[in-house]
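Novice: Task: produce atomic coordinates for the following.
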Amino acid sequence: MCRCQWTKTTTEVFETGGFKGFRWSDGENTPHLPLHNPAEAQILDVGTRIELHDNQCHPALLTGWILTGTGILCAVTGFILMMP
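Specialist: Numbers count the residues shown, from 1 in each chain. Next up, the predicted model:
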């Protein structure tokens with residue numbers, strides 16, 4: 001069975017445009033800046049450093065590719081069916 005690799009990093013809480021989020025870089029120095037709804041992030045204090053465990057598996061990426069491919073195929077099929 002394949003197990004996902006988890007990495008541990010330290011992230012900092014930041015605020016922009018009324019939203020709060022986490023700022024960190026992964027093992028490949030790719031910056032991540034996910035924002036959260038203000039109602040959900042009320043307990044986060046800006047500047048607080050938090051230990052974050054990042055999942056290295058990306059099943060959502062595969063699902064995204066599948067759904068994108070399906071959407072393109074449907075659009076092409078629709079154009080073909082509209083032709084006289």
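
Novice: C-alpha only now, for contacts and for neighbours.
Specialist: Noted.

Novice: ok, for the most centrally placed residue in the chain, nearest residue in space, not its chain neighbours?
Specialist: Per CA atoms, centre = their mean, the C-alpha nearest to the average position across the chain is that of Pro34, at 7.0 Å. Of all residues not flanking Pro34 in the chain, Gly21 sits nearest, at 5.5 Å (CA to CA, 6 or more residues apart in numbering).

Novice: Look up how far Thr7 lies from the one you found.
Specialist: As defined by CA to CA, to the nearest Å, Gly21 lies at a distance of 19 Å from Thr7.

Novice: which of these two has more neighbours?
Specialist: Neighbours per residue, other CA atoms under 10 Å: of Gly21 and Thr7, the larger number sits with Gly21, 20 against 12.

Novice: now for the strand or helix carrying the more buried one, which elements pack on it?
Specialist: Applying DSSP states H and E as the criterion places Gly21 in strand 19-25. Strand 19-25 sits against strand 6-16, strand 31-32, strand 35-36, with contacts defined as 3 or more CA pairs under 8 Å, 6 or more residues apart in numbering; DSSP states H and E.
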